[in-house]
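*Asks:* here you go, sequence then predicted model.
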Amino acid sequence: MDDAYCGTPAPDLVPADADAGPPYAECVLCRKPTEYPESTKGATLCPVCAWQEAGRTACSG
């Protein structure tokens, strides 16, 4: 058995500076950060609020 294979550490899946990046826009409903930069025009929604809003509009028939 090759000990070098078993001794290799797993790579980091999330980089240490994952939070670094452009300032993100706030969700207009819950004020949590979104995936969009602050320079995005229009009403920005976080993924949770966007999913809930899509469900409400789809069922409003």
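*Replies:* Now that the structure is in, tell me what you want to look at.
*Asks:* using CSV, list the CA coordinates for the biggest strand by length in the chain.
*Replies:* Secondary structure of the chain read by DSSP state E shows that its longest strand is strand 33-37. Extracted C-alpha coordinates of strand 33-37, given in CSV (Å, rounded to 0.1, in the frame of the first residue of the first chain):
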residue,chain,number,x,y,z
PRO,A,33,-27.0,40.2,1.2
THR,A,34,-27.9,39.0,-2.3
GLU,A,35,-25.7,37.5,-5.1
TYR,A,36,-25.7,40.8,-6.9
PRO,A,37,-23.3,43.7,-6.6
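*Asks:* got the contact list for it?
*Replies:* Contacts to strand 33-37, defined as CB atoms under 8 Å, 6 or more residues apart in numbering, come from residues Pro22, Pro23, Tyr24, Ala25, Glu26, Cys27, Thr44, Leu45, Cys46, Pro47. (Each C-beta comes from the backbone N, C-alpha and C, glycine too.)
*Asks:* report the buried members of those residues.
*Replies:* Tyr24, Ala25, Glu26, Cys27, Thr44, Leu45, Cys46 (16 or more other CB atoms under 10 Å).
*Asks:* just give me the closest of those to Gly55.
*Replies:* Closest approach to Gly55 among those (CB to CB): Leu45, at 12.5 Å.
*Asks:* now do the contacts for the closest one.
*Replies:* Cys27, Val28, Leu29, Thr34, Glu53.
*Asks:* tell me, how many residues neighbour the third one?
*Replies:* Residues contacting Leu29 under the criterion other CB atoms under 10 Å number 15.
*Asks:* residues contacting it?
*Replies:* Taking CB under 8 Å, 6+ apart, we find Leu29 in contact with Leu45, Cys46, Cys49, Glu53.
*Asks:* before we move on, back to that, the longest strand of the chain pairs with which strands, parallel or anti?
*Replies:* Strand pairing for strand 33-37, using DSSP bridges, gives strand 24-26 (antiparallel).
*Asks:* now the contacts of Leu45 as JSON lines including secondary structure, distance to Thr40 and pLDDT?
*Replies:* JSON lines is the format used below for the contacts of Leu45 (DSSP: H, G, I helix; E, B strand; the rest coil; distance: CB to CB, whole Å; pLDDT from 0 to 100):
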{"residue": "Cys27", "secondary structure": "coil", "distance to Thr40": "12", "pLDDT": "95"}
{"residue": "Val28", "secondary structure": "coil", "distance to Thr40": "11", "pLDDT": "95"}
{"residue": "Leu29", "secondary structure": "coil", "distance to Thr40": "15", "pLDDT": "95"}
{"residue": "Thr34", "secondary structure": "strand", "distance to Thr40": "8", "pLDDT": "94"}
{"residue": "Glu53", "secondary structure": "helix", "distance to Thr40": "16", "pLDDT": "92"}
